[in-house]
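Participant: any chance you could fold what I've pasted below:
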Amino acid sequence: MHSGCVINSKILIDKFEYADDFVVPHSNLSSVFDIILGLNFLNKKEFIIDCKNNSLRNETTSINWNFERSFYYVFGHIDGQINKKFKEKLDTSLQNEINRSQMKLIGKSVSKVRIPPKSQRYVDISIQPTNVTLQEGQPLLIEKYVNSHFSSFLVARAVSNMNSNNRCLALILNLNDSTLVLNKGMALVSIVPIEQVAVMQNINSISVNNSQNEINWENSINLSHLNHSERSDVISLLNKYNSVFAQELSDLGECSIIQHEIHLTDNIPTRQKPYRVPYNLKAEMKKQINILLDAGIIQPSTSSYAAPVLLVKKSDGSFRLVADLRKLNSKTIPDNFPLPNLNEMIDMLSGSKFFSTLDLTSGFHQMQMNPSHAHLTGITTEFGLFQYKRLPFGLKNAGASFQRLMSIVLAGLSDLKIACYIDDIIIASKTFEEHMNRLEIVFKRLQSANLKVKPSKCSFLQHEITYLGHTVREGQVLPDGKNLDSIRKSLPPTNRKQNHLVSVPCLSLPDFDKPFAICTDASKYSLGAVLVQEDESGFQHPISFASRKLGPTEIKYSVVEKEALGVVFGINHFKNYLYGSHFIVYCDQQCLSKLMKLKDPTSRIARWLLTLQQYTYTVVHKPGRLNLMADYLSRAKYSNNNENENRLNAVNALDSNFSTFQINSMQINDIIKLQNQDGFCQQIKEKLRNNWHFSRRSPAFFVKNDLLLCYRNKRNRHDSRAKLVVPKSMVSTVLQFCHDNNSVAHPGLARTLKRIEQNYFWQGLYLNVKNYIASCHSCIQRRGFSKTVKAPIQKFLSPNILFKNAPLTLLVPL
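Facilitator: Residues are numbered from 1 along each chain as shown. Reported below is the predicted structural model:
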C-alpha cells in the first residue's frame, strides 16, 4: 500500500467489528502505531474516552486503556483489502505537514518575566535557529516544551505568527499562589511550523471570563450623553485595550523606563522599632503584607534600614499598609524636577467639548525602585523585615520621580491637549473623532510602558468633568468650593457682590484668540485684580481673580501710588496670559490714564513702570461704581478669627470657661430673655425700634438676631469688636468669669477692665469692677501691705485703781 492512500477496512475491538475508511500514513508513523483512531471514527461509533477510569467505551464495548504511555495500544487487526476505489491522494501540503511535525523547534523567553499569582500574561518567545527556513508571518503551533521541569504554569496551545525578529508570542498561565519568575533564555515552548491554517466556518462561540481584566464597560461608565454609534465605538476601543486597565494590585503593571533612586545626605542607617498593632488588626496586617508580596511590590529583606508601618483605613472601610518614612525623608536630598503648572493645565482645556480623565491604579507601585537603592526603603513589622521593589507612597521625591516617568511616557502630546499631573491624566478635544484618536494614542503609550489605570476612577468623553479641584466644562472652569472659602468668610459687603462672585458659572476658560483685559483696584489695606475677556455683547467674563494685602510700608503709600501698585500687581500676576499681546487695564483712578506720560523718572511709580516696559497695554479709566469685582477683592477685610463669623466674641469667651453659658442656640436665647427682663436693655431696644438718635459719645447700639450688641462708639464701629450688652442679672457672672477664673489668676483692676471691655458693656462697668476687686477675698489674702502699720504714740496714764487697764491679745483668722 502506498502512503497517502485511503482504504476501507474492518477492525476488531473487543470482539466487535467496526468498518470505516482509513488513511495509510507516512512510513515513520507506521513503525510507531498499528492504527490511529481519529475523532471522526470515535464520534461515528459513539465512543467515550474515560480518562478517570482509563477506558474507551460505548454501548457495546469497553476497553481498558493505558494513558500514561506516550502512545496508545489498540488491540485489533486490519482485515480487508485495499478498496479498489482509491480516494483522491492527499494534498501535497498534508504530506509537508507530516514532515514538519517531525521537526519541532524550541522557543525561549526573550527577557525576564514576572507573572502575578493566578494570572496569565503574553511572553515574547525567541525561536532558536535551525536548518528549517521560516518566513515572516509563518504560522506556528505553540505548545509547552515537553522537557520543561516546571509544573506550576501552563502554556496555551495556540497558533502564532512569526515576526521579522524571529519571535512570536506565547500565553502563559501561573497556577501558583505566588509570583512566577521566568528567567531570560528559559526554554518554555515547542514550536511546529504550519504550512496552512484551515478556517472553520459556522462555529458557535461563547464568552468565557477567564481573565481578571474583563470589564463590563456598559455598566461601568456613563455614556448616556452619546448616541448608540458613538457608545459602541467607545466600548470597542476600551475592549481593544482591555489590558491597559487593572482593578487589583495583583494585576498592576511594572514600568522599567526609569527607576527611582534615593540620594541621602549621609550613610547612617535609620532604624525604628515596629509600631504595636492592636490584636484585632494583626490578621489584617498580615493580609496586607501578603497582598504586597504576591503583587511583587515588596520582598523580604535584610536591610539595616527599618521604618515602621501602620494600617490606614480608607473611605470604603478597607485598609492600606502605609510606611512611616519620615526619618528617611529627613535626610533625603530633594529632587527638583518641576511639576506642571495647574493654571496652565486648566487653560490648555480652552475650546474643548469632550473631556476624559485617567487615574493610574496605585501609580507609584507601578514604577520600579533601583535595586541598589531598594534596601533604603526597609520596613519592619512583627511578621518580618521587608523592602520595596516598587516606588512606595510617602517617600520624599516620589511625586517628582513619577512625574519624570510620565513626562517620558506622554512626551510630545501636549499639543494634542493631553496632560498629566503625577498620575492623573486628562484628555480634551473639540470633536468626538479627535477624542477617540487621542484616547488610542494614550492607551498605546501606556500599554508600551506597561502602565495600567483604574477603571472605577476613569471618565470618558464627558462634557463636564472634575480635575485637580476644578470643574471643567465647555468654555468654563468652576473653582472648587474650598477655593472660595476666603471669599465666603470675608466680612459681608453691603450689596450682592459677594454672592455673584461665588455663584456658578463663575469663571470662563481663556480664549487666546481674543484680547484680554484686567480690572484693578486698591484700598487702604489690600489690592485686587480680575482677568476678564469681553464677549460679542460687551459683557466682561471673569477668567481669574487675584488679591493680596498691603505690607506695613505699602499701607503708607498715597492713593495714586496704591492704585499704580495695583496695576503692577495685576499685570505681573497674569503675565502668562498678557505677555506678547495688547491688553487693556481698567482702574478707577483718572490720573493713571496718563501713567505712560509721567515726567518724573525718580518717582516710585516711574520705577514700577520700568518693570512693565515688556508689555503693550492701554490704561482706561473705569468708574468705581462699575469696577465692582476688583473693588470687592481689594476692600474685603478678613477676620483674624477663624471661628464662625456668626459667633459673638463675648459669648465665645463665656464658652471656653463657664459651663452655664455654652455657645448654642438655647443659651443665646437665655441671654436674650435676660436682656428682655432688664430695664436698661428694654429701653435701648425700644429706642432702636423708634430710630432714636443717640449722642456721639454713647456706644453704637444695634440688634442682631434679637441680641442687643454695641460698638465702643459710632466712629470706630468697623475697627472694633462687637460687644455684648450685659443685663444686670448677668454682671456678677461676667465679673466672676473675667476675674476669679483659674486661667486668669485674679488680675488687677487694669487687666480686668481691659479683659471685660473687649467683650462686654453695661452701665457703671468701671465702678462695678473696682468694687468687686476691692471686695475679692482671695485678693485681700494675697495682697501685701506697702508699709508696717504702727499705732500712734500717745501718753500712757498710770492706773489709780486695780484692773483699770487690761491688755488683750486678739487671735483672728487670716
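Participant: how far away is residue 369 from residue 379?
Facilitator: Distance of residue 369 to residue 379, computed by C-beta to C-beta, to the nearest Å: 13 Å. In short, each C-beta sits where N, CA and C put it, glycine included.
Participant: more neighbours: which of the two?
Facilitator: The neighbour comparison of residue 369 against residue 379 (other C-beta atoms under 10 Å) goes to residue 379, with 27 against 23.
Participant: got the confidence number for that one?
Facilitator: The per-residue pLDDT reported for residue 379 equals 93.
Participant: that one and residue 321, how far apart?
Facilitator: Relative to residue 321, residue 379 is positioned 9 Å away (criterion: C-beta to C-beta).
Participant: anything in contact with each of the two?
Facilitator: When contacts are counted by C-beta atoms under 8 Å, 6 or more residues apart in numbering, residue 379 and residue 321 are jointly contacted by residue 309.
Participant: before we move on, the earlier item: what touches both of residue 369 and residue 379?
Facilitator: Taking C-beta under 8 Å, 6+ apart as the contact rule, residue 369 and residue 379 both touch residue 388.
Participant: for the lengthiest helix in the chain, output the C-alpha coordinates as PDB.
Facilitator: Counting by DSSP state H, the longest helix found in the chain is helix 432-449. Taking C-alpha atoms only, helix 432-449 is exported to PDB below (Å, rounded to 0.1, in the frame of the first residue of the first chain):
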ATOM      1  CA  PHE A 432     -15.600  63.000  19.000                       C
ATOM      2  CA  GLU A 433     -13.300  61.700  16.300                       C
ATOM      3  CA  GLU A 434     -10.400  63.700  17.700                       C
ATOM      4  CA  HIS A 435     -11.000  62.400  21.100                       C
ATOM      5  CA  MET A 436     -11.100  58.700  20.100                       C
ATOM      6  CA  ASN A 437      -7.800  59.100  18.200                       C
ATOM      7  CA  ARG A 438      -6.200  60.800  21.300                       C
ATOM      8  CA  LEU A 439      -7.500  58.100  23.600                       C
ATOM      9  CA  GLU A 440      -6.000  55.400  21.500                       C
ATOM     10  CA  ILE A 441      -2.700  57.300  21.400                       C
ATOM     11  CA  VAL A 442      -2.600  57.400  25.200                       C
ATOM     12  CA  PHE A 443      -3.700  53.700  25.500                       C
ATOM     13  CA  LYS A 444      -0.800  52.700  23.200                       C
ATOM     14  CA  ARG A 445       1.700  54.800  25.200                       C
ATOM     15  CA  LEU A 446       0.500  53.200  28.500                       C
ATOM     16  CA  GLN A 447       0.500  49.700  27.000                       C
ATOM     17  CA  SER A 448       4.100  50.100  25.700                       C
ATOM     18  CA  ALA A 449       5.200  51.400  29.100                       C
END
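Participant: buried residues, it. List them.
Facilitator: Within helix 432-449, the residues that count as buried by 16 or more other C-beta atoms under 10 Å are 432, 434-436, 438-439, 441-443, 445-446, 449.
Participant: same for that helix, what does it pack against?
Facilitator: Judged by 3 or more C-beta pairs under 8 Å, 6 or more residues apart in numbering; DSSP states H and E, helix 432-449 is in contact with helix 228-240, strand 354-359, helix 398-409, strand 418-421, strand 424-429, strand 459-462.
Participant: quick one: the strands in the stretch 151-300 of the chain, in order.
Facilitator: Ranges of strands in the stretch 151-300 of the chain, per DSSP state E, counting those that start in this stretch, are 153-155, 158-161, 167-174, 180-182, 187-193, 255-260, 298-300.
Participant: go through those and pick out the most buried.
Facilitator: For those, the largest average neighbour count (mean count of other C-beta atoms under 10 Å) is found in strand 187-193, namely a mean of 21.
Participant: now the strands for the stretch 501-650 of the chain?
Facilitator: Going by DSSP E, counting those that start in this stretch, the stretch 501-650 of the chain shows strands at 507-508, 516-522, 526-534, 540-549, 582-587, 616-621.
Participant: from residue 141, how far off is the nearest residue to residue 137 once chain neighbours are set aside?
Facilitator: Spatially, and ignoring its direct neighbours in sequence, residue 137 is nearest to residue 161 (5.3 Å; C-beta to C-beta, 6 or more residues apart in numbering). Taking C-beta to C-beta as the measure, residue 161 falls 11 Å from residue 141.
Participant: check residue 556 too.
Facilitator: 89 Å.
Participant: kindly report the same for residue 633.
Facilitator: 74 Å.
Participant: neighbour count winner among the two?
Facilitator: Counted by other C-beta under 10 Å, residue 633 and residue 141 do not tie: residue 633 has more neighbours, with 26 against 18.
Participant: which pLDDT value goes with the more buried one?
Facilitator: Per-residue pLDDT puts residue 633 at 79.
Participant: tell me who's in contact with the closest residue to it other than its chain neighbours.
Facilitator: In space, residue 633 comes closest to residue 528 once its chain neighbours are excluded; the distance is 2.9 Å by C-beta to C-beta, 6+ apart. Neighbour list for residue 528: 520-522, 545-547, 566, 629-635 [criterion: C-beta under 8 Å, 6+ apart].
Participant: in the stretch 1-150 of the chain, which spans are helices?
Facilitator: Counting by DSSP state H, counting those that start in this stretch, the stretch 1-150 of the chain has helices at residues 27-30, 39-44, 92-100.
Participant: where in the stretch 601-750 of the chain is pLDDT low?
Facilitator: Counting by pLDDT under 70, the stretch 601-750 of the chain has low-confidence residues at 601-603, 610, 613, 636-666, 713-720, 742-743.
Participant: so residue 721: helix, strand or coil?
Facilitator: coil (DSSP: H, G, I helix; E, B strand; the rest coil).
Participant: burial of it, as a residue count?
Facilitator: Using other C-beta under 10 Å, residue 721 has 14 neighbouring residues.
Participant: surely it and residue 758 touch.
Facilitator: Yes. Counting by C-beta atoms under 8 Å, residue 721 does reach residue 758; the two are 6.5 Å apart.
Participant: mind putting the buried residues of helix 432-449 into a markdown table with distance to residue 468 and pLDDT?
Facilitator: Listed next are the buried residues of helix 432-449 as a markdown table, based on distance: C-beta to C-beta, whole Å; pLDDT from 0 to 100:
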| residue | distance to residue 468 | pLDDT |
| --- | --- | --- |
| 432 | 24 | 90 |
| 434 | 22 | 90 |
| 435 | 20 | 91 |
| 436 | 24 | 91 |
| 438 | 19 | 91 |
| 439 | 20 | 91 |
| 441 | 22 | 92 |
| 442 | 17 | 92 |
| 443 | 22 | 92 |
| 445 | 21 | 91 |
| 446 | 20 | 91 |
| 449 | 22 | 90 |
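Participant: mind putting those into TSV with distance to residue 337?
Facilitator: Conversion of the buried residues of helix 432-449 to TSV gives the following (distance: C-beta to C-beta, whole Å):
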residue	distance to residue 337
432	35
434	30
435	29
436	32
438	25
439	27
441	24
442	21
443	25
445	19
446	20
449	18
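Participant: identify, from those residues, the entry nearest to residue 298.
Facilitator: Among these, residue 449 lies closest to residue 298 (C-beta to C-beta), at 22.0 Å.
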